[in-house]
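*Asks:* pasted the sequence and its predicted model underneath.
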Amino acid sequence: MSFLAYLTGMAFLIWIVLPLFKKDSTWVSLYMEVDELADKKQRVYGNIADLEFDFAMGRLSEEDFKRIRQSFLSEAGRVIERLESQKSSAFMERIQKDISNLGKKQKAKKSKKGSTQVYCIECGAENLPEAKFCMKCGKEMR
Amino acid sequence: MADLGNILLFFLFPVSVFTALTALAAGVTKRRGLLEAARRGAYAAFAVTTLAVLSLEYLLVTSDFSIEYVASNTNLALPMFYKIVALWAGHNGSLLLWTWIVTIFIAIVAFQNRRKNNDLMPYVLFVIASTMVFFSILSVFIANPFQTLYQDLGNTLQEFAVQDGRGLNPLLQHPAMIIHPPILFIGYVGSVVPFAFAIAALITGKLGAGWIHTTRRWALTTWGFLAIGIVLGGKWAYVELGWGGYWAWDPVENASLLPWLTSTAYLHSVMIQERKGMLKIWNMALVIATYLLSIFGTFLTRSGVVSSVHAFANSGLGPAFAIFLTMGLIFSVTLLLYRRKDLKPDEEMESLVSRESGFLFNNLLFLLATIAVLWGTLFPVISELFTGDQITVGPPWFNNIMIPIGLALLLLTGAGPLLAWRHTSVETLKRSFGWPILGSLIFVIILYALGVRDGWALGSFAIAFFVMWTIVVEFVKGALIRMKNSGENFLIALFMLSRKNTRRYGGYLIHAAIVIMFVGFTGNAFNSETRAEVGEGDSFDLGSYTFKALSIVHGETENYSSDRLDMELYRNDRFITTISPEKRFYFASDQPSTEVDIYSTLREDIYAVLSGMSNDGTKVIVQVYRNPLVSMVWIGALIMVLGTLFAMLPNLRESKGGSDQ
């Protein structure tokens, strides 16, 4: 009985520390300014909804309502514009990063499996193992 | 089983440390493996503590009196039910319960966020795990519930078991006792989650609305639990302590009120941040204050610094808590100062008459209330520091300060929601406030004509009437507008309206509940009481009530012996009911206990206490109280629970192009 408990305990312990020994990746922080702008957009929308509700409930004059609503709408416009441009640049950055990560990974793969590398017998250039023709001189690979 | 419990509890310490460290490392390196390990550490802490709690339950249920905790909090004759809940009857056990709830919450948070909030999570886990480290140190090394009894034989210590335990404190042998401590603890401990997210936001610099959205339900839930816990504590005091009231500004009651005040302030001021991007530092400060005040509350009850009815005797935990609190305070304030530039408001205040300024006043009042309660609670300590004597400030001091603050807050409850965001013109003010003010004035005149003369009470009723009016108008007007736009009938429109903005209308429900509770509080102005020594057949009066003593009954169970007075209650000579206050003497704990009997109606409570017995046993001394409107407090509390639950429902979205107001 106590042996069983001991075994369970040990298994549990191993389960906890296991992730520490896994070769793993890091996560990338999301681009912050996009978050901030998204918050702002949410806020302006919430404000407009509240404003319309307040007006419907008779809590502010039509004059105030129109004025404040206009300022919210133009603010929303500005925020969305900035958000779109930020978003696309954030995406570009992300893509860049992913590509360079991909490159690193492939390089790592390559250096690990050094034996599978192929060289052209004609000019000696390094080629991918699955290459049919040398990418430097164009000679058929064997 | 005690060994197993001890070993399990002993494991909690390294597991907590492991979780805290791996979480911190994950935050720095952003490695997924580390974060996953921290998460598993959190689950492990939960598993280990749960098993430890079960072991203690096993010991309690099987009455293993070689364990000190079991021997001092239960006895053989104790009903099984109370044996189970004795887990939180004593000092060490309730600390284990505290720890257990922390581990439950860290496991839930870890699970909920297993695929999101990767940036915040390492620090969130770190903060909660650090709290866990602290409480595991307390539970394992200072207040271990698995401590065995032993006797000193000169050179060796020998373990032994007693024949029967000392029993459960009779005051705690009440159904409210089953739920009051765990609910209050959930409220206390829950504050760690918003706190952890706030700290994580401060550390990572991700100070946007993310952490607020993630913790919105947590903040509301723990606020609700705290509120229910406080009310249940009041209910328990009312029916069990036998002094006729439910709130006495006792240090421990105040300790639970303090975090509630700051978290209520937070729930309001967070709306300004959501709408205007203002008060960011203030909101952070409120979340931090709520957490620290929760720890402080636990500290107050555990350390014996301030004497109180339910404070546990000096237990040596004081210094540990003081160190932890100080560290927490320094850590969070430093972080806050470090990030103060990033927490600048996005917009400025535009008008003094607006919703946001209403919220500001609300926060100012809550801050004042918090400071007043804190000052009054700590006054004995402060006065001892300067004069050498502990000077206690009593309920009158608290009432003098808190009644005006409370009424001002109540007034804002009605006025605030009528103000528009940004700017409210005088014209609309007149339209919104005219009728309610007129209505409450007429209401006061009627009350005055009916004979109500107490100034505070009149003021309170007037404000309550005003606020109730505005709340009803909010619902009705909203529903009418919706009816017009959608063609639904009134009830459906009312339902759809509230379901589409649960936070707003749940909030209004809570406001209504608060109004009802305030009406109950105001009833205190009209309390009356009398005391009589009666034998069988005697009678006495209180106002329009007459009490006729029928018989004095002596009884005995294996747990206690009792004396009961059976009285008939008449109102204007009409028989209403029999009322039977009782006095018990518990054998195991060698303690007396009063069992009050309450005849409760919506209008008032008749509350009878058997306070003593003449030497020959033929006469008893009975104290009766007439407490108007007490039921309103409990009814209000129930509505508050409903309102909180409603506010937590997700908003209903209309799929077909219905009108969106």
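*Replies:* In hand now; what should we look at? Numbers count the residues shown, from 1 in each chain, chains lettered A, B, ... in the order given.
*Asks:* okay, CA-based contacts and neighbour counts for the rest of this
*Replies:* OK.
*Asks:* can you name the residue of chain B nearest chain A?
*Replies:* Using CA to the nearest CA, the closest approach of chain B to chain A is made by B:Arg31 at 4.3 Å.
*Asks:* can you report how many residues lie near that residue?
*Replies:* Neighbour count for B:Arg31, taken as other CA atoms under 10 Å in any protein chain shown: 19.
*Asks:* so what's it bridging to?
*Replies:* A:Thr26 (DSSP bridges).
*Asks:* let me know whether it touches A:Thr26 as I believe.
*Replies:* Yes: counting by CA atoms under 8 Å, B:Arg31 does reach A:Thr26; the two are 4.3 Å apart.
*Asks:* is B:Val624 in a helix, a strand, or coil?
*Replies:* Put simply, B:Val624 is strand when judged by DSSP: H, G, I helix; E, B strand; the rest coil.
*Asks:* partner residues bridging it?
*Replies:* Residues in beta-bridge contact with B:Val624 (DSSP bridges): B:Thr530, B:Ala608.
*Asks:* which residues does it contact?
*Replies:* B:529-531, B:542, B:606-609 (CA atoms under 8 Å, 6 or more residues apart in numbering or on different chains).
*Asks:* for it, give its distance to B:Asp573.
*Replies:* 18 Å (CA to CA, to the nearest Å).
*Asks:* would you map the helices across chain A?
*Replies:* With helices called from DSSP state H, chain A shows them at A:2-21, A:32-56, A:62-112.
*Asks:* again with the stretch 251-400 of chain B
*Replies:* All helices of the stretch 251-400 of chain B, identified by DSSP state H, counting those that start in this stretch, fall at B:251-276, B:280-303, B:318-338, B:355-387, B:395-415.
*Asks:* can you list those in TSV and add mean pLDDT and distance to B:Pro175?
*Replies:* Below are the helices of the stretch 251-400 of chain B laid out as TSV (pLDDT from 0 to 100; distance: least, CA to CA, whole Å):
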stretch	mean pLDDT	distance to B:Pro175
helix B:251-276	91	19
helix B:280-303	88	21
helix B:318-338	90	30
helix B:355-387	89	28
helix B:395-415	92	27
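*Asks:* hang on, isn't B:Ala265 packed against B:Phe366?
*Replies:* Yes: at 6.0 Å, B:Ala265 counts as touching B:Phe366 under the criterion of CA under 8 Å.
*Asks:* before we move on, the earlier item: nearest to B:Asn489, out of the helices of chain A?
*Replies:* helix A:32-56 (18.6 Å; CA to CA).
*Asks:* which residues are contacting that closest one?
*Replies:* A:60-62, A:65, A:69, A:72-73, A:75-76, A:79-80, A:82-83, A:86-87, A:90, B:206, B:208-209, B:274-276, B:420-421, B:481, B:661.
*Asks:* what does stretch B:252-271 give?
*Replies:* Residues contacting stretch B:252-271 (CA under 8 Å, 6+ apart): B:184, B:188, B:219-220, B:223, B:226-227, B:230, B:233, B:247, B:279, B:283, B:286-287, B:289-291, B:293-294, B:296-298, B:300-301, B:308-311, B:359-360, B:362-363, B:366-367, B:369-370, B:373-374, B:377.
*Asks:* what's the neighbour count on the residue of chain A found nearest chain B?
*Replies:* Nearest to chain B, among the residues of chain A, is A:Thr26, at 4.3 Å (CA to the nearest CA). When neighbours are defined as other CA under 10 Å, A:Thr26 has 13 of them.
*Asks:* would you mind listing what in the stretch 451-600 of chain B touches chain A?
*Replies:* B:477-478, B:481 (CA under 8 Å from any CA of the partner chain).
*Asks:* I figured B:Arg166 was touching B:Ser72, is that so?
*Replies:* Yes: using CA under 8 Å, B:Arg166 is in contact with B:Ser72, at 5.0 Å.
*Asks:* give me every residue in chain B lying close to chain A.
*Replies:* B:29-34, B:36-37, B:40-41, B:44, B:118-119, B:206, B:208-209, B:274-276, B:418-421, B:423-425, B:427-429, B:432, B:477-478, B:481, B:661.
*Asks:* now, of the residues you listed, which are buried?
*Replies:* B:30-34, B:36-37, B:40-41, B:44, B:118-119, B:206, B:208-209, B:274-276, B:418-421, B:423-425, B:428-429, B:432, B:477-478, B:481, B:661 (16 or more other CA atoms under 10 Å in any protein chain shown).
*Asks:* closest to B:Phe160 out of the helices of chain A?
*Replies:* That would be helix A:2-21 among the helices of chain A, by CA to CA, at 24.2 Å.
*Asks:* buried ones in the closest one?
*Replies:* In helix A:2-21, counting by 16+ other CA under 10 Å, buried: A:16-17, A:19-20.
*Asks:* counting by contacts, list what that helix packs against.
*Replies:* Helix A:2-21 is packed against helix B:32-61, with contacts defined by 3 or more CA pairs under 8 Å, 6 or more residues apart in numbering or on different chains; DSSP states H and E.
*Asks:* which residues are contacting the helix or strand just after the helix it packs on?
*Replies:* Following helix B:32-61 in sequence order, the next helix or strand is helix B:68-73 (DSSP states H and E). Helix B:68-73 is contacted from outside by B:59-60, B:63-65, B:86, B:89-90, B:92-93, B:145-149, B:162, B:164-169, using CA under 8 Å, 6+ apart.
*Asks:* can you check stretch B:363-379 too?
*Replies:* Residues outside stretch B:363-379 that contact it (CA under 8 Å, 6+ apart) are B:250-251, B:254, B:258, B:261-262, B:264-266, B:268-269, B:306, B:390-393, B:398, B:401-402, B:405, B:408-409.
*Asks:* can you select the buried ones from those residues in ChimeraX?
*Replies:* Of the contacts of stretch B:363-379, the buried ones can be selected in ChimeraX as follows, counting by 16+ other CA under 10 Å:
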select /B:250,251,254,258,261,262,264,265,266,268,269,306,390,392,393,398,402,405,408,409
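*Asks:* so the residue sitting furthest away from the middle of chain B is in which element?
*Replies:* For chain B, the largest distance from the centre (CA atoms, centre = their mean) belongs to B:Asn155, which lies 48.2 Å off. Using DSSP H and E, B:Asn155 falls within no helix or strand.
*Asks:* residues contacting the closest residue to A:Glu140 other than its chain neighbours?
*Replies:* Nearest non-adjacent residue to A:Glu140, counting by CA to CA, 6 or more residues apart in numbering or on different chains: A:Phe133, 4.4 Å away. Applying CA under 8 Å, 6+ apart, we find A:Phe133 in contact with A:139-141.
*Asks:* can you list the domains in chain A?
*Replies:* Chain A breaks down by automatic domain parsing into domains covering A:23-105, A:106-142.
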